[in-house]
Structures are given as structure tokens and as C-alpha cells.
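[1] Give me the fold of what follows.
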Amino acid sequence: MSEYDVRRPLTATGTNLLGLVKHVAFVEARYFGEVFDRPFPQPLPRWQDSDGSDLWAAEDETRDQIIGFYRQAWEHSDEARAVHRARIEQAARTAAGGVGADAASRTGCGA
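    Residues are numbered from 1 along each chain as shown. Below you'll find the model as predicted:
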């Protein structure tokens, strides 16, 4: 798409395609940072401070900067999910092992 097309306001609020990419990146970075206790490495504005400026690309923001930020947020959320998934799997293995060990000791069938 042309630079004009990715920056052209599509709504009365000024939202444009690059702005949507920027918005998704901010939301993903903040959400996964807070939910999985893995803060994003760069400072992010607080939810309450949002003035809507994440819905459009500012004149001084390049396409490469916004897409780069989105890729960072994507990698960060993938890492957060992977760490969380590993914790859940470890807890499940521990719980399963604990149940099995308790059952074996109660029945005299321990290895």
C-alpha cells in the first residue's frame, strides 16, 4: 500500500491503518506484560492516559518504526505465553507426580 493509503484517516477520529497496527501493538504489549507479569522492555503509557493517539500514525512516526514496534510486541507476547505455558506444564507434571506418588504409597505399589 502507498504511504498515503496507510496514513489516510478512515474515520472521523482520524484512525488510519498504521494507527491500528500501533494500537494493537500497545494493547498486546501492555496486556501480556500485566497478565503474565512480564513488563514490556520499553515504557508504555498507562491505560488511563490514553488520548486516542495510538489510533493514528503521527507525522514523525515512520511505517518501519510502527511495524518494528509491533514485531517487538509480538515477540514479547510470544515469550510471555511460552514462559506461562511452561509454568502450567510444570505445575501439571508436579501435581500428577504428587498424586501418583501418594497413591502408590497408600496402596503399597511404590516403585
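[2] Do me a favour and average the pLDDT over the lengthiest helix in the chain.
    Secondary structure assigned by DSSP state H gives helix 63-107 as the longest helix of the chain. Averaged over helix 63-107, pLDDT sits at 80.
[3] helices and strands around it, which ones?
    helix 17-35 (3 or more CB pairs under 8 Å, 6 or more residues apart in numbering; DSSP states H and E). Yep, even glycine has a C-beta here, placed from its N, CA and C like the rest.
[4] chain center to the helix it packs on: distance?
    7 Å (CA atoms, centre = their mean, to the nearest Å).
[5] what does stretch 44-63 give?
    The chain centre lies 17 Å from the centre of stretch 44-63; the measure is CA atoms, centre = their mean.
[6] Touching that stretch from outside, list them.
    3, 6-7, 9, 13-16, 18-20, 22-23, 26, 29-30, 33, 66 (CB atoms under 8 Å, 6 or more residues apart in numbering).
[7] how does it look with 7 Å?
    Residues from elsewhere that reach stretch 44-63, judged by CB atoms under 7 Å, 6 or more residues apart in numbering: 6-7, 9, 13-16, 18-19, 22-23, 26, 29-30, 66.
[8] of these, buried ones?
    6-7, 15-16, 18-19, 22-23, 26, 29-30, 66 (16 or more other CB atoms under 10 Å).
[9] and these as JSON lines, adding distance to residue 90?
    Output for these, formatted as JSON lines (distance: CB to CB, whole Å):
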{"residue": "6", "distance to residue 90": "43"}
{"residue": "7", "distance to residue 90": "46"}
{"residue": "15", "distance to residue 90": "42"}
{"residue": "16", "distance to residue 90": "44"}
{"residue": "18", "distance to residue 90": "40"}
{"residue": "19", "distance to residue 90": "40"}
{"residue": "22", "distance to residue 90": "35"}
{"residue": "23", "distance to residue 90": "34"}
{"residue": "26", "distance to residue 90": "31"}
{"residue": "29", "distance to residue 90": "26"}
{"residue": "30", "distance to residue 90": "26"}
{"residue": "66", "distance to residue 90": "37"}
